[in-house]
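Enquirer: following is a predicted model, sequence given first.
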Amino acid sequence: MENVLKVKVQPLNAEAFKPYGQVLQEKQLIYPETEEGRVAMEILHLKYRPNARRLDQLAIHFSYNQTFIPVQGSMVLIVAPTPRNREAGPAGYEVDYEKVAAFALEPGQVAFIDKGAWHNLITLSNNCTFINVTRKNTGEGISPAEELEGKIEKANAIRSYVEYVDLRKRDNRVIELEL
């Protein structure tokens, strides 16, 4: 039986979000960075799934930071702080389960996650259209998020600079969101 971590979804708030990144506010600048490839923007669609409140995977990448901007519908951004043991590799990266958080993003809000912050996205009601400010290598197309959902091995093969970790397999843990 897996261990269930219950996480309350909270409104996006700059102070509460600090351990994971920044919330863009008026009269402030944020600079996307990538160590390789190029900074890219794309419009993606997040489909509603009835079982989305329970998730067992997180993504992590150290070569760039990432920004999420819902434009139609809302989304929930699940995050955990950057692991302190980067040298351990995906099989051993630390997940600070006590600091896992979930933030509701409404249209027009901007969440900017730090390099190495664990993350995942879901929508709890209708579908969500959002802008993803991310990294792309030359010739790489739109993120294949919808086709890869839940297929970690395939996702890791397509975008080798993003690691997807199955928390259920690795740590016997799942995250359950509470509204």
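Expert: Now that the structure is in, tell me what you want to look at.

Enquirer: please tell me how far the residue nearest to residue 40 when sequence neighbours are not counted sits from residue 42.
Expert: The spatial neighbour of residue 40 that comes closest, neighbours along the chain excluded (C-beta to C-beta, 6 or more residues apart in numbering), is residue 136 at 3.9 Å. C-beta here means a position set from N, CA and C on the backbone, and glycine is covered the same way. Remark: distance between residue 136 and residue 42 (C-beta to C-beta, to the nearest Å) = 8 Å.

Enquirer: these two: who's more crowded?
Expert: The residue with more neighbours, out of residue 136 and residue 42, is residue 136; 18 against 14, by other C-beta atoms under 10 Å.

Enquirer: dump the residue contacts of the more buried one.
Expert: Each residue near residue 136 by C-beta atoms under 8 Å, 6 or more residues apart in numbering is listed here: 37, 38, 40.

Enquirer: can you give me phi and psi for it?
Expert: Main-chain dihedrals, residue 136, degrees, to the nearest 10: phi -140, psi 140.

Enquirer: what residues of stretch 164-179 count as buried?
Expert: For stretch 164-179, burial by neighbour count (16 or more other C-beta atoms under 10 Å) applies to 164, 165, 167, 173, 174, 175, 177.

Enquirer: element containing residue 169?
Expert: helix 167-171 (DSSP states H and E).

Enquirer: closest one of the buried residues of stretch 164-179 to residue 79?
Expert: Using C-beta to C-beta, residue 175 comes nearest to residue 79 of the buried residues of stretch 164-179, at 10.7 Å.
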